[in-house]
Structure formats: C-alpha cells, structure tokens
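Novice: Give me a model of this one.
(one chain, ligands or ions: 1)
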Amino acid sequence: MQKRIGLLTSGGDCPGLNAVIRAVVSHATLTYGWKVLGIPYATEGLMERKSIVLGMHTMDLRGIDPLLNMGGTILGTINRGDTLDHASQIIQGYHELGLDALIAVGGDGSLSILHTLAQEGNWLMVGIPKTIDNDVALTERAIGFDTAVNTITDALNRLTFTAASHDRVMIVEVMGRKAGHLALQAGIAGGADVILIPEIPYTIEGICDHLTDLRYQWGRKFAIVVVAEGIDPLPGTTGCQVSLSKGNANCGMGQYIADQITARTDRRVETRVSVLGHIQRGGIPFALDRLMAAAFGKAAVDLVSQGKSGLMVAWQNGTIVSVPLTEVLAQSPRSVNPKDYLVQTAQSLGIYIGEPNAAQPAEPG
Ligand code: F6P
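Specialist: Numbers count the residues shown, from 1 in each chain. Below you'll find the predicted structure:
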C-alpha cells in the first residue's frame, strides 16, 4: 500500500534544509512510490491540518532544481516554546492528515518536543539533525553547521585585511548558544588569535597578555578575537544577562569583551566589534551540508520503510547510523570537550583559547 509520509522542518532555519527536503522526496517517491506531504511551519501546520504534496521536479525552472542550493526552508519553520500547550490538537492533526509516519528535521529542542508528541500520539517518527550550533548529541555533524563555519571563516578573512590596515583588534561575535563548536572550528579555519567559548573559562589578563605578545614580540599589530555568544562574563563583572534557553541569545558578549580589553589596556588597543548574527544562518549550502542532507534524507526514508520509529539518523566515524532519540535528547546539547583535539590544535597554532585545564566537566542535557 502507498504510504503517506509527513515531512517538516522545525526550529531555527539553516542552509541545507531544502536539500534534505529534496533528498527525502526523491527517495520516498522514486524508490518507494510513497506520497510525501510537506507540513508548513512544523507543528503549526499539523495543528491547522495543512499540507503540501511534494513531488520531484515540481519546482524546477527550465529543468534546474532550485532546492539543492536554496537557503532557508520552503516549508517554513517555527522556534516558539509553547508548542506543547497545543499537544492534543497537534496530535489529532497528524491523524486527520492520514499520515503513516513523520520525518522531522530539527535541532535538539524541536526533536524533543516532537518526540514527546510522537510518543503521546502514537506516531511513527524519525528525526534528522540540523543546527548551525552542531550541538545535537550522538552525531558528529548536523545539517547547516558546515555552511555556517564557512560563512564565519569568510568573514574572518575579510576582517583580517581591514584589521591589518589599521592595526586594530577585531572582535567577532558568533552564534552557537551554549556550545562553542562554531567559534572553535571557524576560529581555527579563519586564523583567529583568540577564541573564547562557553566551555572554557578565560581571563582578561590572558587575552590582553596574548595581544601584547603578538604586538611586541611578534610584530603583529592587529588581531582577530572570536567570541561565542554564550560565554559567561568574568566573575565580579556584569555582562550578558539574557537566558540562552529562552531563544535569542545575542546579547552583546562581543561588545563586552571589547570593553574589557579597552579598560584593561588603558585604551591603548583600538577595538572594533562585528556581530555576525543571522548572516550565519543564510546563504546557499556548502557541499558538505548538501552531502549530509542527501545521506540523512535517504537513511531516514529507509528507516521509515522498515517501520522504525523513535530514532534519529546520525553521522559517526565516517558513516550513517541511527540512534535512539531518547539517548540523543538525554545527552544534548553536546558541548565542546575542553580536552578535545581541536582545542589542542588551536593551542598548537598559538591561539589563546582560555584556560582549558580549569574547565569544569560538562553536564549533559
Ligand atoms: O540555534 C541556532 C541559533 O542560530 C543560535 O545559534 C542562536 O542563538 C539562535 O538560534 C537565534 O535564534 P533566533 O533565530 O530565534 O534569533
């Protein structure tokens, strides 16, 4: 019998969502002959019983498939926190749409809500991880991360030239909530001199001593400082007071660090701050995100064909696996391990990355 599969994207958008929609639709329709119903605005669409029939090549322009390299999501998405207040209407919506299974593309927050709904509503559901923060547990990669790393790296390259021309210290604030994967990986790739991430404590003396060494020992008069939005202010000072669990996390830690450097160096160091913001979520997906989207989409459809549920597709040790959603959610958000080889790599490049030996072990979940 022909299956009816629901497909939705939930949480903050990121590059690669349309590529995963394309991959799911392709495999489900061409290999299995199923009908794929796109659910607009995630749970909102289920609540309102809305769906769009998705077919291969229905959106082609002169034979060009726009889904492969379009940013955002053609299905729309939401990242509001009150979804479970409407649980019974959403659960009922899934059944009234006559769905046999749901493929949900989301970060840990969305997947947690949808997993609860799936359990309460007796839905078959398979998850696909996406987030520029790359903090979904049990997968080394989530869709969107690679493109965001590339976008930040490009910004750091551009800032390097203007920084060098004016002998300035450029502070670049990047996203990631309470995880430092974006800052760490883009910071290394983009040639940062200082990388501050939430998982590793830092001192203002450590930062300023490093900037001084760069300038007076190495003759390097400019510097690039990457600041993850979720770092904590220094003890005894006031900084960002906004709760990162409540959504918008961008509350000025880049400016805070710039002010600290200015005060500490008696204004001898000229700083400028760039907050990259949602630029990190836009743009066309890079090759690795398209590749992950294709592999994750295929794997999720295959799991549905086997009648599997409560699982998320994941990337581990160079291949696709499936992992129980309950375990993913118990261990998310995944933090940077201060003993990680990338932290050591940053140190080997002469980057100041705080005091990794003073870091407290991360509490999962
Ligand atoms: O989780 C992805 C993310 O882009 C975070 O890095 C950032 O803090 C947050 O979403 C921003 O959310 P919003 O789009 O609601 O401002």
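Novice: Spatially nearest residue to whichever residue of the stretch 251-365 of the chain sits closest to the ligand (excluding sequence neighbours)?
Specialist: Closest residue of the stretch 251-365 of the chain to the ligand, Cβ to the nearest ligand atom: Arg281 (5.6 Å). Where you see a C-beta, it was placed from the backbone N, CA and C, and this is true even at glycine. Leaving aside its chain neighbours, Arg281 sits nearest to Cys14 (5.5 Å; criterion: Cβ to Cβ, 6 or more residues apart in numbering).
Novice: need the strands for the stretch 1-150 of the chain, in chain order.
Specialist: Here the stretch 1-150 of the chain has its strands, by DSSP state E, counting those that start in this stretch, at 4-9, 35-38, 52-54, 101-106, 125-129.
Novice: The ligand: which of the ones you listed is closest?
Specialist: strand 101-106 (10.4 Å).
Novice: For stretch 213-225, give me every contacting residue.
Specialist: Stretch 213-225 is contacted by residues 156, 159-160, 163-164, 166-172, 190-196, 207, 211, 257, 261 when judged by Cβ atoms under 8 Å, 6 or more residues apart in numbering.
Novice: now do stretch 287-297
Specialist: 15-17, 19-24, 26-27, 68-69, 128-129, 141-147, 285, 313, 315, 320.
Novice: re the thing from before, let's see which of the contacts of stretch 213-225 end up in strands.
Specialist: Among the contacts of stretch 213-225, DSSP state E puts 169-172, 194-196 in strands.
Novice: what bits of this structure have low per-residue confidence?
Specialist: Low-confidence segments of the chain (pLDDT under 70): 239-251, 363-365.
Novice: repeat that with 80
Specialist: Low-confidence segments of the chain (pLDDT under 80): 1, 57-61, 63, 81, 238-251, 267, 361-365.
Novice: now the helices for the stretch 251-365 of the chain?
Specialist: Along the stretch 251-365 of the chain, the segments classed as helices by DSSP state H, counting those that start in this stretch run 253-264, 287-305, 325-331, 341-348.
Novice: to the chain's geometric centre, what's the distance from the second one?
Specialist: What separates the centre of helix 287-305 from the centre of its chain is 17 Å, taken as Cα atoms, centre = their mean, to the nearest Å.
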